[in-house]
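Undergrad: below: sequence and its predicted model.
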Amino acid sequence: MGLLLGSPVHIRIFKESSELEMWVRKQQGGYELFKSYPICSYSGTLGPKLKEGDRQSPEGFYTVTPEQMNPNSSYHLSFNLGFPNAFDRSHHRTGSYLMVHGNCLSIGCYAMTDAGIEEIYVLANESFKKGHGSFDVHVFPFKMTEDNLQRHSGSEWEDFWRNLKEGSDIFEETLSPPIIGVKAGRYHINPSRKTPPDEDTGRGT
């Protein structure tokens with residue numbers, strides 16, 4: 001595919017279709033879909049996580065740093081999504097240890113099977129080894145098309161999902177993760193600054 005192990009990565013999760021997409025940045029800039037993994041299990045229904053113990057898998061825009069990687073997980077390998085983020089805290093949402101991990105058991109996490117998490121973990125970890133400081137994980141209820149939003153019109157989460165769609169639209173237009181902030185209880189989303197092409201950052205994948 002012309003992609004290099006150690007390049008920056010970006011992850012998108014879609015609950016309804018139970019998919020995790022792993023994107024890798026190309027040497028010339030922009031991200032390319034490396035692989036789509038089936039999610040073995042997640043908890044709850046469509047909609048965000050609200051409180052500790054609700055057994056709901058989160059939705060939103062999350063950032064993972066090296067400290068959130070866990071090679072000694074009880075579920076083979078894992079990384080912490082960083083819930084609650086600034087948006088979640090602004091809405092007084094609570095919860096802890098919301099992970100993407102191996103196995104097929106979920107109590108609020110995204111379980112990817114051991115084989116799946118091995119590939120995902122290696123791609124993310126090698127990016128850190130090459131000096132990239134973080135990667136984003138964007139979690140959506142479904143593919144953020146207007147048809148899907150219309151199908152779920154009337155949901156109490158429709159406004160929240162339309163806010164998420166802003167980030168999804170920017171990524172699909174630019175093939176680069178947007179800059180995410182929080183303002184007045186909403187995600188504040190802007191296109192990312194253009195990044196220079198990668199140098200030789202690793203082995204081909």
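TA: Now that the structure is in, tell me what you want to look at.

Undergrad: hmm, Met99 is touching Leu77, no?
TA: No: taking CB atoms under 8 Å as the definition, Met99 is not a contact partner of Leu77, at 9.8 Å. Every C-beta, even on glycine, is put in place using the N, C-alpha and C of the backbone.

Undergrad: what sits in contact with each of the two?
TA: Counting by CB atoms under 8 Å, 6 or more residues apart in numbering, the residues touching both Met99 and Leu77 are Asn70.

Undergrad: what about the residue positioned nearest the centre of the chain, which SS state?
TA: Central residue of the chain (CA atoms, centre = their mean): Val137, 1.9 Å from the mean position. Put simply, Val137 is strand when judged by DSSP: H, G, I helix; E, B strand; the rest coil.

Undergrad: got a list of what it touches?
TA: Going by CB under 8 Å, 6+ apart, Val137 touches 11-13, 61-64, 81, 100.

Undergrad: let me see the confidence value for it.
TA: Note on Val137: pLDDT of 98.

Undergrad: now swap in the one 4 residues further on and tell me
TA: Model confidence at Pro141, given as pLDDT, is 98.

Undergrad: next one: Thr113
TA: With respect to pLDDT, Thr113 scores 98.

Undergrad: what's the burial count for it?
TA: If you count neighbours by other CB atoms under 10 Å, Thr113 ends up with 17.

Undergrad: one more: the one 4 residues further on?
TA: Other residues near Ile117 number 26, with proximity taken as other CB under 10 Å.

Undergrad: list the buried ones in whichever helix or strand it is part of?
TA: Element membership for Ile117 (DSSP states H and E) is helix 114-129. Using 16 or more other CB atoms under 10 Å as the burial criterion, the residues of helix 114-129 that qualify are 116-117, 120-121, 123-128.

Undergrad: just put these in CSV and tack on distance to Glu173 and pLDDT.
TA: Converted to CSV, the buried residues of helix 114-129 look like this (distance: CB to CB, whole Å; pLDDT from 0 to 100):
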residue, distance to Glu173, pLDDT
Gly116, 28, 98
Ile117, 30, 98
Ile120, 25, 98
Tyr121, 29, 98
Leu123, 24, 98
Ala124, 24, 98
Asn125, 29, 98
Glu126, 28, 98
Ser127, 23, 98
Phe128, 28, 98
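
Undergrad: and the residues you listed, which is closest to Gln27?
TA: Ser127 (13.9 Å; CB to CB).

Undergrad: mind listing what the closest one touches?
TA: 6-9, 135.

Undergrad: quick one: which of those residues has the most company?
TA: That'd be Val9 among those, by other CB under 10 Å, with 25 neighbours.
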